[in-house]
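Chemist: got a predicted structure here, sequence first:
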Amino acid sequence: MASATTEGKCARPTFIDLFAGCGGFSLGFCRAGWQGIFAVERDAAAFKTFSLNFLGTASRNSFVWPDWLPKGPFDIRRVIRDHREDLTKLRGSIDAIIGGPPCQGFSFAGTRKRTDSRNQLFRAYIDFVDLVRPRFVLIENVRGITIEHGKKARLQRRRGRPAIPYSQRIVEALRAPKYSVCEPQLIQAAEFGVPQRRPRVFFFAYRSDSVTTLPFDFFKMLHESRSSFLQERSLPVTRPVHVEEAISDLLFEHGSVSCDDEWSPKGFKQGLYGSRDTDYQSLLRKGHRSGDAAQSHRFSNHRADTVDRFKKIQAQCRKGVQLDARDRKEFELSKHVTVPLRGDQVGHTLTTLPDDYIHYAEPRILTVREYARLQSFPDDFEFEGPFTSGGDRRKKTCPRYTQIGNAVPPLLGEALGLAMIKVRSSHDGVSAE
């Protein structure tokens, strides 16, 4: 396959996905009309899912992969080290670099360690941008990145000095390679049809020599197109999509068969589709019929006492609300987060831990496919690798639940991709020198 380095070679706008994970951001951009060139992801399981959905000959979202980069999992720093010259040759042919660098060091759901080595991967992201110099840059991360934390920040505040959040450092780093940066904005995925709140901060930057009319507000353009985006997909405009609307056709009561997934041990059941009850289900199910087995829809084999506990929680506790310390003590839960979902509300932000949530109607946790639905992955997007992992392995592996929990929701990615196409078509570009 050709190296895809010649400007104008692709009729569609081109992008590279960094820290691509299983491909939620890429899927959204492909559906918006973009052409993926290549992606960088270091985890083998996540890349296997990405490869299955984007690199197969039958994929509707195939990437134009360059000859100089092997198709496999790679650390971004290795790609920069080994392919610096190849990346520089891409200047003038790439419209956008997108991605969500690891966020564990900034997340309120984690330990928020300022010194977390994963935080420094932002530097590699900026270095990559400086080599390729795409026309646009789009970065996604958790809202904790806008709030400085750690001992240094506390000391600064005690001295009456403002602490500098990491988000400001990112803006300043992007400006260094001569990019203009729009004010970072917090976006709720639920505003764009995703059935979970999922607040995330987005950074949008454009090469200062690549637009003819300045200034412009990318995020204002995004929100102005919100209503039409939802209406074209028959999704509600004045309220979010609810949990039940998203997954009511995936109930255990619709039937099951023995799970035949190669990554699943024997003894598990795989759920069957029920009837399509909502527009959201129709949007994501496409050709899957009632009675078909849903991929990655494997039910957990809960112990009897766990099922009993879930039933009591569903009967006694407020749904849609995280259990407080008193409830956790009563039900002998050592976990800090347990949320019994409510069917007639938008879902909580999904984490990488499936046992953080109890199904809205059945005494069990969500399946991988239900997780994917709440992230707006279509049902023809298939997942690879272990379903889950426990203990310290969660820090070293990326099973299916983790792949989904870390992803950018494809529906939101699609809305962002469409808005960026509008920006691109509204301004004459100048090639990077």
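Modeler: Looks like it arrived, so ask away.
Chemist: in three-state terms, label Pro102 for me.
Modeler: Secondary structure assignment for Pro102 (DSSP: H, G, I helix; E, B strand; the rest coil): coil.
Chemist: show me where the stretch 101-250 of the chain has strands.
Modeler: For the stretch 101-250 of the chain, strands defined by DSSP state E, counting those that start in this stretch occupy the ranges 136-142, 179-181, 185-188, 199-207.
Chemist: looking at these, which is buried most?
Modeler: Highest mean neighbour count of the strands of the stretch 101-250 of the chain: strand 136-142, a mean of 24 (counted as mean count of other CB atoms under 10 Å). Backbone N, C-alpha and C define where each C-beta goes, glycine included.
Chemist: low pLDDT regions in the stretch 151-300 of the chain?
Modeler: Of all residues in the stretch 151-300 of the chain, those with pLDDT under 70 make up the ranges 151-163, 211-215.
Chemist: try it again at 80.
Modeler: Within the stretch 151-300 of the chain, the segments meeting pLDDT under 80 span 151-164, 177, 209-216.
Chemist: just the stretch 1-150 of the chain next, same as before
Modeler: Applying pLDDT under 80 to the stretch 1-150 of the chain flags the ranges 1-10, 57-58, 103-120, 146-150.
Chemist: mind redoing it with 90?
Modeler: 1-11, 56-60, 92, 100-123, 142-150 (pLDDT under 90).
Chemist: that older thread, need the strands of the stretch 101-250 of the chain in a markdown table with distance to Phe299, can you?
Modeler: Output for the strands of the stretch 101-250 of the chain, formatted as a markdown table (distance: least, CB to CB, whole Å):
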| stretch | distance to Phe299 |
| --- | --- |
| strand 136-142 | 30 |
| strand 179-181 | 46 |
| strand 185-188 | 30 |
| strand 199-207 | 30 |
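Chemist: closest to Gly92 out of those strands?
Modeler: Closest to Gly92 of the strands of the stretch 101-250 of the chain is strand 199-207 (CB to CB; 10.9 Å).
Chemist: which other helices and strands contact that closest one?
Modeler: Where contact means 3 or more CB pairs under 8 Å, 6 or more residues apart in numbering; DSSP states H and E, strand 199-207 is packed against strand 136-142, helix 166-175, strand 179-181, strand 185-188, helix 218-224.
Chemist: His302 is nearest to which of the ones you listed?
Modeler: That would be strand 136-142 among these, by CB to CB, at 30.3 Å.
Chemist: pull up the pairing partners for the closest one, direction included.
Modeler: strand 96-99 (parallel), strand 199-207 (antiparallel) (DSSP bridges).
Chemist: and the shortest one, C-alpha only, in CSV?
Modeler: It refers to strand 96-99. This file holds the C-alpha atoms of strand 96-99, laid out as CSV (Å, rounded to 0.1, in the frame of the first residue of the first chain):
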residue,chain,number,x,y,z
ALA,A,96,-6.0,16.5,11.8
ILE,A,97,-4.4,14.7,14.7
ILE,A,98,-6.9,13.5,17.3
GLY,A,99,-6.6,11.6,20.5
